[in-house]
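Trainee: Here is a sequence together with a model predicted from it:
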Amino acid sequence: MAQDRYMVFFTDKSNSIYSINRPADFLSERALIRRDRQNIPITEQDLPVNSNYIQSLKNMGVEVFYPSKWLNGVLVQMETSRAQSVSQLSFVLGVERVAPGAPLRVGGSLRSDEQLPAQTNLANNQQSMLGIDLMHEYGIWGEGVLVGIFDDGFANYTQIGAFQHILNEDRILYSYDFVNNRESVENNENHGTRVFSIMAADQSNYTGVVPKATYILSVTEAPLEYRVEEYNWLFAAEKADSAGVDIINTSLGYKTGFTDPSMNYTNVQLNGQTAVITRAANIAASKGIVLVTSAGNNGSAVGAPADSPNVLAVGAVNAEGEIAGFSSRGTFTPNVFKPDVMAQGSATLLLTADGIIAAQNGTSFSSPLVAGLAVGLIQAYPSKTASEILEMIRRSGDFANEPNQVFGYGTPNFGRILENERLAAGESTVVYTAYPNPTTEEIQLSFDESHYGQIITVQVIKSSGQVEKTFDYVPFEGRNPLRISLNESGLYFLRIITPSKTASRKIIKY
């Protein structure tokens, strides 16, 4: 007898072996640090699903796959006749059919694209629109940030030379295919490979936005459209949250066009709180995760999860900043602008699953550009909350003063973000503090935030007047303080030259 896939939702998490007072039992250290940094409490929502309830389903002959602690349920496969029996269990709140057939599914064939001749720094134009060239000039490449990419598949990524630096440095934290229930994400789909390249590739003629970040790769999208894909996103987000992910890019969206039309969303349901993936995204945002998603490619109102006010939805412009005709615009969510921001999604340069540089259209490819910008901000400003990162990006858009339902807040820019942050910090008479002074080894310079993102010249001068060291430095919260080793004992003069002032002081090394 045919079996379908269902979500089974439970009534409670009673008698759990876990406790919110022992969060290290079910959340990684990195996840706990992210919550602590943003003052996010551990709640019952974070507790794993009751294992006794799951075991009871297994005892009935139900095939159990992925649990969801956030929605307190589990994805199962069972016959329709058994679904009725399950729905009547005392600990079951409800049962929802989400897809027909087995959960293991094989993807479709590769797509072709226009091949471009090799050139130097091909990604520069689409990146410089967002000020990412300045971000790179200032030495921000994504180090220390954990990025989740949820997509349809990452065909051949382990075979492509532009990703070998990540593999050699063990910067794939894990990968998982929630469609086929396996660890490998190299299926027959390559949309994810292309998205991944925009962020992470590094070769002589193409460098991604944040190639030094650490990545989680998850397959959530299947070739046929069923509601289960939204639950796959939920399962992937929960796993990534537990691992301590900082940001998730989703170049996917759901609205209409489901294989089963009964699963389509009406305009009223695209209100920022109803669609399954939107609800999941709202919970992920409440855990302190930065969420970036494509706005959609149908030229009309955005779908889910782009409809969420907690998600940064990215529309598409061409290389001249003109709106792409396919870019979705407008929303049924009250009091928000969608898309939130724009980036180049027309003729965006990327790598295919064959390792070839190609141009492709879609908000799927403007989204990872903005996600890479957000990664840089997380690295530069680690104390900022997820919602503050989103606002920094929105406020830097070229339509920030007059946002609308076509461009949102416009195209963001790293340079404008720095200016906005310095302006918000206000003018300070203190450029830096130096400690310890006197010192026995090194001197540490802690710069005032009003000077973050400025090129500052640092000079270490001996008492004789000889300049021992001189170099330029761009301070950010994420690399503050600056540590300087002093070679010999004695008296030094430390001179700091900013764009607006010069500050000097004596330093003594014993």
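Mentor: Yep, it's here. Predicted model, so just to flag it, every value in this text is computed and none were measured.
Trainee: contacts and neighbour counts: CA atoms only from here.
Mentor: Will do.
Trainee: So the closest residue to residue 42 other than its chain neighbours, which state does it fall into?
Mentor: Spatial nearest neighbour of residue 42, excluding adjacent residues (Cα to Cα, 6 or more residues apart in numbering): residue 20 at 6.0 Å. Secondary structure, DSSP: H, G, I helix; E, B strand; the rest coil: residue 20 is coil.
Trainee: which regions of the protein lie under the pLDDT threshold?
Mentor: 1, 102-121 (pLDDT under 70).
Trainee: per-domain residue ranges of it.
Mentor: With domains defined by automatic domain parsing, the chain comprises 3-100, 119-421, 432-509.
Trainee: Could you export the ones you listed to JSON lines, including columns for mean neighbour count?
Mentor: Listed next are those as JSON lines, based on neighbours: other Cα atoms under 10 Å:
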{"stretch": "domain 3-100", "mean neighbour count": "17"}
{"stretch": "domain 119-421", "mean neighbour count": "22"}
{"stretch": "domain 432-509", "mean neighbour count": "16"}
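Trainee: Surely the residue nearest to residue 42 and residue 47 touch.
Mentor: Yes: Residue 20 lies in contact with residue 47 (Cα atoms under 8 Å); the separation is 7.0 Å.
Trainee: can you give me the helices in the stretch 251-400 of the chain?
Mentor: Along the stretch 251-400 of the chain, counting by DSSP state H, counting those that start in this stretch, helices occupy 276-286, 363-380, 386-395.
Trainee: So which of these is nearest residue 504?
Mentor: helix 363-380 (25.9 Å; Cα to Cα).
Trainee: and the angle from that closest one to helix 386-395?
Mentor: With axes from the mean of the first three to the mean of the last three Cα atoms, to 10 degrees applied, the angle from helix 363-380 to helix 386-395 works out at 120 degrees.
Trainee: How about the contacts made by residue 152?
Mentor: By Cα atoms under 8 Å, 6 or more residues apart in numbering, the contact list for residue 152 reads 189, 190, 191, 192, 219, 220, 221, 222, 223.
Trainee: let's see 7 Å
Mentor: Taking Cα atoms under 7 Å, 6 or more residues apart in numbering as the contact definition, residue 152 lies against 189, 191, 192, 219, 220, 221, 222.
Trainee: Quick check: phi and psi on it?
Mentor: phi -90, psi -20 (degrees, to the nearest 10).
Trainee: Grab the nearest non-local neighbour of it.
Mentor: residue 221 (4.4 Å).
Trainee: Specify the local secondary structure of the one you found.
Mentor: Quick answer, by three-state DSSP: residue 221 is coil.
Trainee: if I look at it, how far off is residue 280?
Mentor: With distances taken as Cα to Cα, to the nearest Å, residue 221 is found 15 Å from residue 280.
Trainee: Kindly report the same for residue 264.
Mentor: Counting by Cα to Cα, the gap from residue 264 to residue 280 is 17 Å.
Trainee: can you check residue 404 too?
Mentor: Distance from residue 404 to residue 280, by Cα to Cα: 26 Å.
Trainee: Residue 54 now?
Mentor: Separation of residue 54 from residue 280 (Cα to Cα): 21 Å.
Trainee: again, but for residue 188
Mentor: Applying Cα to Cα to residue 188 and residue 280 gives a distance of 27 Å.
Trainee: can you pull the contacts of the closest residue to residue 432 other than its chain neighbours?
Mentor: Nearest non-adjacent residue to residue 432, counting by Cα to Cα, 6+ apart: residue 447, 4.1 Å away. Listed by Cα under 7 Å, 6+ apart, the contact set of residue 447 reads 431, 432, 433, 475, 480, 481.
Trainee: Specify which member of the residues you listed is nearest to residue 27.
Mentor: The nearest one, if we look at the contacts of residue 447 relative to residue 27 and count by Cα to Cα, is residue 480, at 28.2 Å.
Trainee: What residues are bridge-paired with the closest residue to the closest one other than its chain neighbours?
Mentor: Nearest residue to residue 480 in three dimensions, chain neighbours excluded: residue 446, at 5.8 Å (Cα to Cα, 6+ apart). Residues in a beta bridge with residue 446, per DSSP bridges, are residue 433.
Trainee: Quick one: residues contacting residue 446.
Mentor: 432, 433, 434, 480, 481, 482.
Trainee: do you know how far it is from residue 435?
Mentor: In terms of Cα to Cα, residue 446 sits 8 Å off from residue 435.
Trainee: again, but for residue 347
Mentor: 51 Å.
Trainee: cool, residue 231 as well?
Mentor: 52 Å.
Trainee: What of residue 312?
Mentor: For residue 312, the distance to residue 435 - Cα to Cα - is 40 Å.
Trainee: what do you get for residue 127?
Mentor: From residue 127 to residue 435 the distance is 38 Å (Cα to Cα).
Trainee: now do residue 81
Mentor: For residue 81, the distance to residue 435 - Cα to Cα - is 72 Å.
Trainee: Please apply the same query to residue 168.
Mentor: For residue 168 relative to residue 435 (Cα to Cα), the value is 38 Å.
Trainee: How about residue 144?
Mentor: Counting by Cα to Cα - residue 144 and residue 435 are separated by 26 Å.
Trainee: what's the answer for residue 379, then?
Mentor: In terms of Cα to Cα, residue 379 sits 24 Å off from residue 435.
Trainee: Same check on residue 484?
Mentor: 11 Å.
Trainee: shared neighbours of those two, anything?
Mentor: By Cα under 7 Å, 6+ apart, the residues touching both residue 484 and residue 435 are 443, 444.
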